[in-house]
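Asker: quick one: sequence and predicted model below, then my questions.
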Amino acid sequence: MLKTERILGCLANLANFVARFIYQILYRIMKGRKNMKKKLLGILVCMLLVVPVLSITAIANDGPQLELEITFERRSLKVVIRNVGDGDAYDVNWSFDIEDGFLGFVNYHIGGIIDILPPANETSVETSLFLFGFGLIEITVTIGASNAETVTETVTGLIIGPFIILRE
């Protein structure tokens, strides 16, 4: 059973207990006053409808949450992908796009899939690059999973011949 299901079950039991408790107290107080009993019963029904809705919206998401970190060392682009959420991330798609340079000579794309990334774990994807160009470049890294939001990070840098310098 998932954490969310257990929490929802506990909240539903708590709401049911509170509603019964309030009803018993109000019933004993208002015994014999018919008009007041109907009003209080209406208030109780409204409370029973509102409490579960509020408790469901207060529960945090138990799913995966992805983060990434980009580094460039000795002609190699390295991206560390972390799952900082509470659930497994399935079918994690990653892609690198390097574009621009002087006259648009630099245009590089690579991607892949990681089957599963457990919570509180990380993996790194590294690719060796042999690019040659001059000017500003833009490196865009995109990661996403079938059960997590897509994360995109873009860094700019400078390419001078075969050398790439990233801005911090």
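Answerer: Thanks, I have the structure now.
Asker: tell me which helix or strand comes right after the lowest-mean-pLDDT helix or strand in the chain.
Answerer: The helix or strand of the chain with the poorest confidence is helix 34-57; it has a mean of 62 (mean pLDDT, DSSP states H and E). As assigned by DSSP states H and E, the chain's next helix or strand after helix 34-57 is strand 66-73.
Asker: can you list the buried residues in that next one?
Answerer: 66, 68, 70, 72 (16 or more other C-beta atoms under 10 Å). From N, CA and C alone the C-beta is placed, and that goes for glycine too.
Asker: contacts for that strand, please.
Answerer: 77-85, 89, 92, 117, 139, 141, 143-145, 148-149, 151, 153, 155, 157, 164, 166 (C-beta atoms under 8 Å, 6 or more residues apart in numbering).
Asker: cutoff 10 Å now
Answerer: Applying C-beta atoms under 10 Å, 6 or more residues apart in numbering, the contact partners of strand 66-73 are 77-85, 89, 92, 94, 96, 117, 122, 124-126, 129, 139-145, 148-155, 157, 164-166.
Asker: need the buried ones from those residues selected in ChimeraX.
Answerer: In ChimeraX syntax, the buried subset of the contacts of strand 66-73 is picked out as below (16+ other C-beta under 10 Å):
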select :77,79,81,82,83,85,89,92,94,96,117,125,129,139,141,142,143,144,145,148,151,157,164
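Asker: among the contacts of strand 66-73, which are in strands?
Answerer: Applying DSSP state E to these, the entries found in strands are 77-83, 89, 92, 94, 96, 117, 122, 124-126, 139-145, 148-155, 157, 164-166.
Asker: mind showing which ranges of this structure have poor pLDDT?
Answerer: 1-8, 10-11, 15, 25-62, 101-103, 168 (pLDDT under 70).
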